[in-house]
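*Asks:* Need a 3D model of the sequence below.
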Amino acid sequence: MPFNLPILLTWLRIVAIPLLITVYYLPADWVNPHERNLIATAIFIAAAITDWADGYLARKWNQTSAFGAFLDPVADKLMVAAALIMLVQLGRTDAIIATIIIGREITISALREWMAKIGASRSVAVSMLGKIKTAAQMLAIPLLLFQGSLAGHDSMIAGNWLIWIAALLTLWSMGYYLRMAWPEIARRSAEK
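*Replies:* Below you'll find the predicted structure:
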């Protein structure tokens, strides 16, 4: 297993997951609700920055690896899933949103694994639609974690709009990836 700064950043993102959750279980006399939200938001934003930084640095320094390519999306999906579950528990988003987003991630990860196994991974490579979906999620989740006023505007309103947009983009991108994989799926089914 290679070890370099991009992989360290990815591991830090994974380590941030229990920190994010623990913030909401700290005793009330340690942190007030606003401080909890602020700390959780900062943790999530820092993790999102490492998501960008690890990929950028790996490409810039030519430190890409098969292990890094595996670990990076796992860290992303775990962080998003943990934050969504926490937001559902806090009553800040609907379970249907979390189910759509987490379910899509599991489905597409399994599809990508299967397509790689049969040598057809290029047909389900990350698309611009997937990147836009991720951007919507990465903007929505901190707004929902913050749950306060930002520049005189309620972060929950913007966060809820963005998370619904992210859910719709999630379904759209899942349809896109399944459609791209469908010729191979149909061909393999016809061979049996």
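
*Asks:* What about residue 136, how many residues nearby?
*Replies:* By the measure other C-beta atoms under 10 Å, the count of residues near residue 136 is 20. The way it works is simple: take the backbone N, C-alpha and C, and place the C-beta from them, glycine included.

*Asks:* Nearest spatial neighbour of it, chain-adjacent residues omitted?
*Replies:* residue 166 (3.8 Å; C-beta to C-beta, 6 or more residues apart in numbering).

*Asks:* same check, this time on residue 169
*Replies:* The shortest distance from residue 169 to any non-neighbouring residue, by C-beta to C-beta, 6+ apart, is to residue 133 (3.9 Å).

*Asks:* what does the one helix or strand that neighbour maps to rub up against?
*Replies:* Assessed by DSSP states H and E, residue 133 sits inside helix 128-146. Contact partners of helix 128-146, identified using C-beta atoms under 8 Å, 6 or more residues apart in numbering, comprise 37-38, 40-41, 44-45, 48, 51, 76, 80, 83-84, 86-87, 92-93, 101, 150, 155-156, 158-163, 165-166, 169-170, 172-173, 176-177.

*Asks:* Can you tell me how far residue 29 is from residue 159?
*Replies:* Distance, residue 29 to residue 159, using C-beta to C-beta, to the nearest Å: 28 Å.

*Asks:* Would you map the strands across the chain?
*Replies:* In the chain, the segments counted as strands under DSSP state E are 149-150, 153-154.

*Asks:* Determine which of the ones you listed approaches residue 55 most closely.
*Replies:* The closest of the strands of the chain to residue 55 is strand 149-150. By C-beta to C-beta, the value is 27.4 Å.

*Asks:* Partner strands of the closest one and their direction?
*Replies:* strand 153-154 (antiparallel) (DSSP bridges).

*Asks:* what distance separates the strand it pairs with from the middle of the whole chain?
*Replies:* Here strand 153-154 shows a centroid-to-chain-centroid distance of 24 Å under the convention C-alpha atoms, centre = their mean, to the nearest Å.

*Asks:* List the contacts of it.
*Replies:* By C-beta under 8 Å, 6+ apart, strand 153-154 touches residue 148.

*Asks:* returning to that earlier point: contacting residues around the residue nearest to residue 136?
*Replies:* Contacts for residue 166 were tallied using C-beta under 8 Å, 6+ apart; they are 97, 101, 133, 136-137, 140.

*Asks:* And the furthest pair within these?
*Replies:* 97 and 133 (12.7 Å).

*Asks:* could you show me where the helices are in this protein, in order?
*Replies:* Taking DSSP state H, the helices of the chain run over residues 5-23, 33-60, 66-89, 95-117, 128-146, 155-191.

*Asks:* Please save the CA atoms from the first one in PDB.
*Replies:* Read that as helix 5-23. Output of helix 5-23 as PDB, limited to C-alpha atoms (Å, rounded to 0.1, in the frame of the first residue of the first chain):
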ATOM      1  CA  LEU A   5       0.300  13.100   1.200                       C
ATOM      2  CA  PRO A   6      -2.800  12.600  -1.100                       C
ATOM      3  CA  ILE A   7      -3.500   9.200   0.600                       C
ATOM      4  CA  LEU A   8      -2.900  10.800   4.000                       C
ATOM      5  CA  LEU A   9      -5.500  13.400   3.200                       C
ATOM      6  CA  THR A  10      -8.000  10.700   2.200                       C
ATOM      7  CA  TRP A  11      -7.400   8.900   5.500                       C
ATOM      8  CA  LEU A  12      -7.900  12.100   7.300                       C
ATOM      9  CA  ARG A  13     -11.300  12.400   5.600                       C
ATOM     10  CA  ILE A  14     -12.200   8.900   7.000                       C
ATOM     11  CA  VAL A  15     -11.000   9.900  10.500                       C
ATOM     12  CA  ALA A  16     -13.200  13.000  10.300                       C
ATOM     13  CA  ILE A  17     -16.300  10.900  10.100                       C
ATOM     14  CA  PRO A  18     -16.500   9.800  13.800                       C
ATOM     15  CA  LEU A  19     -15.400  13.300  14.800                       C
ATOM     16  CA  LEU A  20     -18.400  14.800  12.900                       C
ATOM     17  CA  ILE A  21     -20.800  12.400  14.600                       C
ATOM     18  CA  THR A  22     -19.200  12.700  18.000                       C
ATOM     19  CA  VAL A  23     -19.800  16.500  18.000                       C
END
